[in-house]
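1. Show me how the following folds:
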Amino acid sequence: MNMSSRGRTAGMLIFLILVWGVNWPLSKLALNYAPPLLFAGIRTIIGGILLILIALPRYKQLRFKENWAVYLVSALVNIVLFYGLQTVGLGYIPSGLFSAIVFLQPVLLGLLSWIWFGEAMYGLKVLGLILGFAGVTTISAGALSAHVSMIGILFALGTAISWALGTAFIKNIGSRVDAIWLVAIQLTMGGILLTTAGSATEAWGSIHWNGVFLTNLLFISIFVIAFGWLAYFTLIGEGEASKVASFTFLIPVVSITASSLFMREHITLNLVIGLLMILFSILFVNLKPKSIAANQA
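-> Next up, the predicted model:
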């Protein structure tokens with residue numbers, strides 16, 4: 001990988017970590033103004049339409065008749081399950097704790113990548129995945145109490161599982177579809193399904209279309225969902241899934257830090273210790289033994 005490619009990859013990773021980190025407290029805030037399924041559906045439809053407009057010049061690469069099943073499965077796992085479980089679950093537990101639990105995903109993805117894709121699994125990577133999960137656990141431990149909702153924890157675990165499965169699916173079929181069209185169609189299809197479910201179970205009249213909600217909705221739809229998913233799947237397609245996922249351990253750190261700054265949550269010793277563990281986990285996952293590096297050269 002040359003310097004320009006490394007710089008581009010680093011830029012996408014930094015962007016992804018920042019916008020997906022602030023997504024959790026922003027989504028928690030938005031739930032004060034809209035019911036969960038309708039909010040999830042509206043924001044994903046907006047993100048999908050934006051990417052469709054961007055993708056139109058390359059319309060020949062859509063190949064919907066050929067790839068409609070891929071688009072549908074991706075929409076169900078990556079959008080309907082991921083955002084449905086996430087948005088409903090945020091109503092039960094704090095956003096920082098929820099995001100920390102969801103980031104069991106890189107550990108699950110590392111295991112799936114080893115089992116399904118034959119990605120190398122060696123001592124340092126195993127240690128890094130374990131250490132990253134331990135760091136997330138340490139961060140979340142400070143927020144645990146007798147009053148934490150078990151339902152919310154189960155929603156967070158379900159979100160992590162759906163994200164890991166969806167990413168593994170995209171990694172497996174990514175070469176068959178255009179990246180921009182994949183994200184655009186899965187967002188639009190998933191958004192329509194979520195909005196339909198929300199319309200059947202929630203009231204549109206309960207949405208408060210004020211400045212705070214609209215600003216929040218547009219920021220999440222454009223930067224978190226449209227450009228965030230595009231950056232994520234681009235990174236997954238260009239490198240090892242487990243390596244890219246290892247950097248996402250930093251997202252709950254950003255989430256909890258943002259919550260402490262804007263929602264007056266305290267930075268604790270658990271956060272500091274967990275951050276150090278996460279930094280070492282990223283180092284270990286990305287350090288290959290010389291024998292493996294030589295074989296891949």
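
2. pLDDT weak spots in the stretch 1-150 of the chain?
-> Applying pLDDT under 70 to the stretch 1-150 of the chain flags residues 1-4, 142-147.

3. Quick check: phi and psi on residue 91?
-> phi -80, psi -10 (degrees, to the nearest 10).

4. show me what contacts it?
-> If you count contacts by CB atoms under 8 Å, 6 or more residues apart in numbering, residue 91 has them with 31, 36, 152. Heads up, the C-betas are built off the backbone N, CA and C, glycines and all.

5. ditto for residue 154
-> Residue 154 neighbours (CB under 8 Å, 6+ apart): residue 89.

6. Quick check: buried residues in the helix or strand hosting residue 25?
-> Assigned by DSSP states H and E, residue 25 belongs to helix 3-30. Residues 9, 12-13, 16-30 are the ones in helix 3-30 that count as buried (16 or more other CB atoms under 10 Å).

7. Helix or strand next in line after it, which one?
-> Following helix 3-30 in sequence, per DSSP H and E, is helix 36-55.

8. tell me the angle that following helix makes with helix 3-30.
-> Computed by axes from the mean of the first three to the mean of the last three CA atoms, to 10 degrees, the angle separating helix 36-55 from helix 3-30 equals 150 degrees.

9. Tell me the helices and strands packed up against whichever helix or strand comes after helix 36-55.
-> Where DSSP H and E defines the elements, the next helix or strand beyond helix 36-55 is helix 64-74. With contacts taken as 3 or more CB pairs under 8 Å, 6 or more residues apart in numbering; DSSP states H and E, helix 64-74 sits against helix 150-173, helix 179-201.

10. Skip ahead from the shortest one and say which helix or strand is next.
-> This means helix 179-201. Where DSSP H and E defines the elements, the next helix or strand beyond helix 179-201 is helix 211-219.

11. and that next one, how far out from the chain's middle?
-> 20 Å (CA atoms, centre = their mean, to the nearest Å).
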